[in-house]
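Peer 1: sequence and predicted structure below; questions after.
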Amino acid sequence: MEQLTKKTGKEDDEACTLCGETETNDHIWYCGMLAEKRGQLDEQLAEADPEDFTPAMRMGVACALNADPRRTYWGRACDDGWCQQKKRSYGCVSAGKLKEDVKGIMDMIDETDGADEFTAREIMTALTRKKVDEEDVIPRIEKRIEEEAPREPNVYSDGSLKNIKGPFWHLGGAGVWWPGRKEDQLTRNEGRIAEYKECEGGLMLWCTFNSSLNSSTRCELAAAIVALLAPRPANIAIDNATVVRKGNEIIDHARRKEEEERSRDSRMILGGSKSGLHRESPYKKKWSQIKDGDLWELFANLVKQRGPKSVRITKVKGHATKEMVEEGRVKAIDKEGNDKADEAAEMGATTGQGKLRSLAEIYSWRHAMYRKLMARIQKFIVELKKEEKKQKQEDDKAKDPFGRKEATKVEVPLSLRYAKEEEAERISMHEVRKQWCKDEEEWTYVKGVQEVLRSVEWKKS
């Protein structure tokens, strides 16, 4: 508060010129002279006790969304004296209306120290973090593949993103469909990353994929990474244009780099400033500076490990219809493969994530409602500030209707220094510059006046 008063120029004990009470930074919530305006702006906020909100909220700054739906958005325990409308507007959900899945998570949180201070984002991050050893999380290729990737797609991948209303509450999944593949052909590496099921006509793999600020592109890229783990040449069919474009750029860069190394007897002096083959990626920026760079770096490393010639990426139409197949716009095998990959991705996003999905849905709803409440509060504050300024100006005008403000007193020295007689005979002036005058004629006239004044000798009378 002390730093804030320094910035605003207000002292803690400064009195409000409207009501005479001590003027604090959130005084507009309490000032009696603004009571009528508060009621006109927002009846519910006007009737609310300002102490229900945090000091930051009374100045228009939102606190982090609290993890407990039974509390207010900002974490205060609901008062038994509040009416149901007030509880709803503050985000309090009664325990009886919560799903059993969410109740179980809240009971688990209650057993932790400082449970009332946890934010919704902290809980989602903790619950979606993988609880396995680091070596099991990082995919790696067990053996380099020398065969070249086929020209037509032989594997299909897709991603799925649930609860897309808020960037912090996404739940994702990745799915892969291998036509003609058997369960006994799976590698240990694939089994650690994904779940699988042998179906008629092929093998389906899926896994959950949750990360902070998740997106559909990240889920699609994760699915492509799962497809790369198979120890066989792969032409991956993907319906996401960004993954197809960037993936092929990375594959092409790795392929050209390997060819250049062979032609130069494995010397690492590659390309130059124009070719870019001396870089690890086809981009000038580091992986950390590229959107989704963490996953693209992993993708590039897997391409390099398995051999860039063993992989291609092909764009296919997502959610194709029978009409498209009949018209020849989409191949039947591509439609079937993409549909199977989509089904696998759905399983990844939903299987085993029922509790998380219920929690993410209520957090998403609370987040949206909290934003609306804060928008009301911010508008309320802005309009009250305008009214406060208007009333103060009217007050000042009533006290001084003609604008005759008391002149500022200036201290004058007791004795003034005057020029000596010999110094006061002529006037010394700076030369007037041409740019100071509006035109040539004015400049000539001013110079003439200066010459006259300089030529005059001033004598004491």
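Peer 2: That came through, no problem. Not measured: the values here are computed from a predicted model. Numbering: from 1, shown residues only.

Peer 1: export stretch 327-336 as PDB, just CAs?
Peer 2: C-alpha atoms of stretch 327-336 as PDB (Å, rounded to 0.1, in the frame of the first residue of the first chain):
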ATOM      1  CA  GLU A 327     -16.900 -38.600 -56.000                       C
ATOM      2  CA  GLY A 328     -13.300 -39.700 -56.000                       C
ATOM      3  CA  ARG A 329     -12.100 -36.800 -53.900                       C
ATOM      4  CA  VAL A 330     -10.900 -39.200 -51.100                       C
ATOM      5  CA  LYS A 331      -9.600 -42.700 -51.300                       C
ATOM      6  CA  ALA A 332     -11.700 -45.300 -49.400                       C
ATOM      7  CA  ILE A 333      -8.500 -46.700 -47.700                       C
ATOM      8  CA  ASP A 334      -7.600 -43.200 -46.500                       C
ATOM      9  CA  LYS A 335     -11.100 -42.600 -45.100                       C
ATOM     10  CA  GLU A 336     -11.100 -45.800 -43.200                       C
END
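
Peer 1: tell me how far it is from the chain's mean position?
Peer 2: 38 Å (Cα atoms, centre = their mean, to the nearest Å).

Peer 1: what number of residues lie near residue 141?
Peer 2: Using other Cβ atoms under 10 Å, residue 141 has 20 other residues around it. Quick note: C-beta positions are derived from backbone N, CA and C, even for glycine.

Peer 1: can you check the pLDDT for it?
Peer 2: In this model, residue 141 is scored at 83, pLDDT.

Peer 1: so residue 157 sits in a strand?
Peer 2: Yes: assessed by DSSP: H, G, I helix; E, B strand; the rest coil, residue 157 belongs to a strand.

Peer 1: what strand or helix carries the closest residue in space to it that isn't next to it in sequence?
Peer 2: Spatial nearest neighbour of residue 157, chain neighbours left out: residue 223 (3.8 Å); criterion: Cβ to Cβ, 6 or more residues apart in numbering. In this assignment (DSSP states H and E), residue 223 forms part of helix 216-228.

Peer 1: point out the other helices and strands that that helix packs with.
Peer 2: Here helix 216-228 touches strand 155-162, strand 171-179, strand 202-208, strand 234-238, helix 241-263, helix 293-306, helix 332-350, going by 3 or more Cβ pairs under 8 Å, 6 or more residues apart in numbering; DSSP states H and E.

Peer 1: what's the angle between that helix and strand 171-179?
Peer 2: Helix 216-228 and strand 171-179 are oriented at 40 degrees to each other (axes from the mean of the first three to the mean of the last three Cα atoms, to 10 degrees).

Peer 1: in helix 216-228, what's buried?
Peer 2: Using 16 or more other Cβ atoms under 10 Å as the test for burial, helix 216-228 gives 216-228.

Peer 1: ditto for stretch 330-348
Peer 2: Buried-residue list, stretch 330-348, by 16+ other Cβ under 10 Å: 330-331, 334-348.

Peer 1: could you pull up the mean pLDDT of that stretch?
Peer 2: Computed over stretch 330-348, the average pLDDT equals 95.

Peer 1: also stretch 188-196?
Peer 2: 89.

Peer 1: you'd agree residue 364 is up against residue 170?
Peer 2: No: using Cβ atoms under 8 Å, residue 364 makes no contact with residue 170, being 9.3 Å away.

Peer 1: any low-confidence regions in the chain?
Peer 2: 1-13, 130-137, 164, 262-275, 402-426, 456-461 (pLDDT under 70).

Peer 1: secondary structure element for residue 450?
Peer 2: helix 440-455.

Peer 1: residues in contact with that helix: which ones?
Peer 2: Helix 440-455 is contacted by residues 426-427, 429, 431-432, 434, 436-437 when judged by Cβ atoms under 8 Å, 6 or more residues apart in numbering.

Peer 1: mind putting those in a markdown table, neighbour count, distance to residue 115 and secondary structure included?
Peer 2: A markdown table is the format used below for the contacts of helix 440-455 (neighbours: other Cβ atoms under 10 Å; distance: Cβ to Cβ, whole Å; DSSP: H, G, I helix; E, B strand; the rest coil):
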| residue | neighbour count | distance to residue 115 | secondary structure |
| --- | --- | --- | --- |
| 426 | 12 | 87 | coil |
| 427 | 12 | 83 | coil |
| 429 | 11 | 80 | coil |
| 431 | 7 | 79 | coil |
| 432 | 14 | 78 | coil |
| 434 | 13 | 77 | helix |
| 436 | 9 | 73 | helix |
| 437 | 15 | 76 | coil |
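
Peer 1: with respect to residue 257, which of those residues is nearest?
Peer 2: Of all the contacts of helix 440-455, residue 257 sits closest to residue 434, with 65.2 Å by Cβ to Cβ.

Peer 1: and the gap between the residue nearest to the closest one when sequence neighbours are not counted and residue 369?
Peer 2: Residue nearest to residue 434 in three dimensions, not counting chain neighbours: residue 443, with 5.1 Å by Cβ to Cβ, 6+ apart. Between residue 443 and residue 369 the computed distance is 69 Å (Cβ to Cβ, to the nearest Å).

Peer 1: same check, this time on residue 158
Peer 2: Counting by Cβ to Cβ, the gap from residue 158 to residue 369 is 33 Å.

Peer 1: looking at those two, which is more packed in?
Peer 2: Taking neighbours as other Cβ under 10 Å, residue 158 and residue 369 compare with residue 158 leading, 33 against 15.

Peer 1: what's the distance between residue 233 and residue 203?
Peer 2: With Cβ to Cβ as the criterion, residue 233 and residue 203 are 16 Å apart.

Peer 1: these two: which is more packed in?
Peer 2: residue 203 (24 against 19).

Peer 1: which residues touch that one?
Peer 2: Residue 203 neighbours (Cβ under 8 Å, 6+ apart): 177-178, 181-183, 185-186, 196-197.

Peer 1: between those, which is nearest residue 121?
Peer 2: residue 196 (32.2 Å).

Peer 1: now for residue 301, how many residues are close by?
Peer 2: So residue 301, with other Cβ under 10 Å, has 19 neighbours.

Peer 1: quick one: the helix holding residue 223 to chain centroid distance?
Peer 2: The answer for helix 216-228 is 22 Å, by Cα atoms, centre = their mean.
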